[in-house]
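Undergrad: pasting the sequence and the predicted model now:
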Amino acid sequence: MPLPPLTFPDRPPLALAPTRVMGVLNVTPDSFSDGGRFVAPEAAAAHAVAMAREGAAVIDVGGESTRPGAQRVDAAAQVARVVPVVRAVRGALDEAGFDGVMLSVDTTRAAVAEAALDAGASMLNDVSAGREDENMFALAAARGVPIVLMHMLGEPGTMQDAPRYDDVVGEVTAFLEARAGAAEAAGVPASQVVIDPGIGFGKTVAHNLALLHALPRFVATGRAVLLGASRKRFISAVWPAAREPADRLPGTLAVTAWAASAGVSLVRVHDVAANAQAAAVAGRVMVGG
Ligand code: HH2
């Protein structure tokens, strides 16, 4: 039975349970996993509809890769990539009866976010948590849309150069609480703020595993939590045979099942059908019925 559409009601974020799936749609030439495959709006729209059929509640469209060492993409180039795709995807989803599936835009630039909202997006995903563009929170507040705030140590270009923490879970929690507070101070309701520990963003394998272990602590903050672990490199550190991103689905599913048991609201993934099934079964096992 399909889950009802994802909503961000004006009540405690934990009302987002059970865990929903956000499907990744990168319109970039260089993303680590799906780079170059969905740049054309028609290809992007077909893939988005397929992900909606597979159970995605949100489709996350991004025009800038944030993989370690990636080159930055300016706002105008992101708008040129993202806007035609958002428009085509929104139209195709509505036509296929998936008007309840949300589109989010993965950007740190308010100009890109605003253009995407105008084209049919209804959620923001900011991996800089509002630090790169001070207009991001005001935009989320003015448009009444949810915003994901992610932790990153440093910048994509250099973030994997020997990241250091004294207490990774404590520091990431404190950062996210401070950024969520800044968003609220700018007028974003608490129910519209989603926090994300930022797996792989300025973290060693040990840091990533500690953060994943601590997912219940992030959920216990009372905020909605998003997790992006799909096909990421720490999986191949645990299981070296999973060398390429496409080899890492079983490890991804293990994390998704754990995240669903821990009460995470959204998992951002490349393989929607498999992750939706894993999240649904783990969630039902967790509640015992
Ligand atoms: N991870 C990536 C991109 N955006 N956003 C959030 N909120 N959380 C994440 O963990 C996250 C994210 C990296 O994955 P991907 O989009 O597949 O790759 P690339 O950055 O190379 O486009």
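TA: Everything's here; your move. Numbers count the residues shown, from 1 in each chain.
Undergrad: drop to CA atoms for contacts and neighbour counts, all remaining ones
TA: OK.
Undergrad: excluding sequence neighbours, find me the nearest residue to the residue of the stretch 151-289 of the chain found nearest the ligand.
TA: In the stretch 151-289 of the chain, no residue comes nearer to the ligand than residue 228, which is 3.3 Å away by C-alpha to the nearest ligand atom. In space, and not counting its chain neighbours, residue 228 is closest to residue 268: 4.8 Å by C-alpha to C-alpha, 6 or more residues apart in numbering.
Undergrad: please apply the same query to residue 249.
TA: residue 231 (6.3 Å).
Undergrad: near the ligand, which residues of this structure show up?
TA: 26, 31-33, 65-67, 125, 127, 148, 150, 196, 198-199, 227-229 (C-alpha under 6 Å from any ligand atom).
Undergrad: re the thing from before, quick check, the residue nearest to residue 228 in a helix?
TA: No: Residue 268 is assigned strand when assessed by DSSP: H, G, I helix; E, B strand; the rest coil, not a helix.
Undergrad: hang on, the earlier thing: list the contacts of the residue nearest to residue 249.
TA: Taking C-alpha atoms under 8 Å, 6 or more residues apart in numbering as the contact definition, residue 231 lies against 33, 245-249, 251-252, 270.
Undergrad: what of residue 233?
TA: Per C-alpha under 8 Å, 6+ apart, neighbours of residue 233: 200, 245.
Undergrad: how about the lengthiest helix in the chain: buried residues?
TA: Longest helix in the chain, counting residues (DSSP state H): helix 75-95. Buried residues in helix 75-95, defined by neighbour count with 16 or more other C-alpha atoms under 10 Å: 75, 78-79, 81-93.
Undergrad: could you export that helix as CSV, CA atoms only?
TA: This file holds the C-alpha atoms of helix 75-95, laid out as CSV (Å, rounded to 0.1, in the frame of the first residue of the first chain):
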residue,chain,number,x,y,z
ALA,A,75,24.7,30.3,-9.4
ALA,A,76,23.9,31.1,-13.0
ALA,A,77,25.3,27.8,-14.3
GLN,A,78,23.3,26.0,-11.6
VAL,A,79,20.1,27.8,-12.5
ALA,A,80,20.7,26.9,-16.2
ARG,A,81,21.0,23.2,-15.2
VAL,A,82,18.4,22.9,-12.6
VAL,A,83,15.4,25.1,-13.7
PRO,A,84,14.5,23.3,-16.9
VAL,A,85,14.8,20.0,-15.1
VAL,A,86,12.6,21.1,-12.2
ARG,A,87,10.0,22.3,-14.6
ALA,A,88,10.1,19.1,-16.7
VAL,A,89,10.1,16.8,-13.6
ARG,A,90,7.2,18.7,-11.9
GLY,A,91,5.1,18.5,-15.1
ALA,A,92,5.9,14.8,-15.6
LEU,A,93,5.1,13.9,-12.0
ASP,A,94,1.8,15.8,-12.0
GLU,A,95,0.8,14.2,-15.3
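Undergrad: which element follows that helix toward the C-terminus?
TA: Next helix or strand after helix 75-95 toward the C-terminus (DSSP states H and E): strand 102-106.
Undergrad: circling back to that earlier point, average pLDDT across the longest helix of the chain?
TA: Average pLDDT, helix 75-95: 96.
Undergrad: who's in contact with it?
TA: 27-28, 39-42, 44-46, 48-49, 52, 61-64, 99, 101, 103, 109, 111-112, 115-116, 119-121.
Undergrad: cool, stretch 125-134 as well?
TA: 60, 104-110, 136-137, 147-152, 179, 183, 198.
Undergrad: narrow these to those in helices?
TA: 110, 136-137, 179, 183.
Undergrad: which of those sit farthest apart?
TA: 110 and 179 (16.2 Å; C-alpha to C-alpha).
Undergrad: residue 23 should be in a helix, yeah?
TA: No: assessed with three-state DSSP, residue 23 is strand; it does not lie in a helix.
Undergrad: ok, the closest residue to it other than its chain neighbours - contacts?
TA: For residue 23, ignoring the flanking residues on the chain, the nearest one in space by C-alpha to C-alpha, 6+ apart is residue 59 at 4.8 Å. Shown in contact with residue 59 (C-alpha under 8 Å, 6+ apart): 22-25, 48, 51-52, 101-104.
Undergrad: and those residues, which is closest to the ligand?
TA: Closest to the ligand, out of all of the contacts of residue 59 and judged by C-alpha to the nearest ligand atom, is residue 24, at 6.3 Å.
Undergrad: counting neighbours, what do you get for the closest one?
TA: Other residues lying near residue 24 total 26 when counted by other C-alpha atoms under 10 Å.
Undergrad: quick one: it and residue 268 touch, right?
TA: Yes: with contacts counted by C-alpha atoms under 8 Å, residue 24 reaches residue 268, the gap being 6.5 Å.
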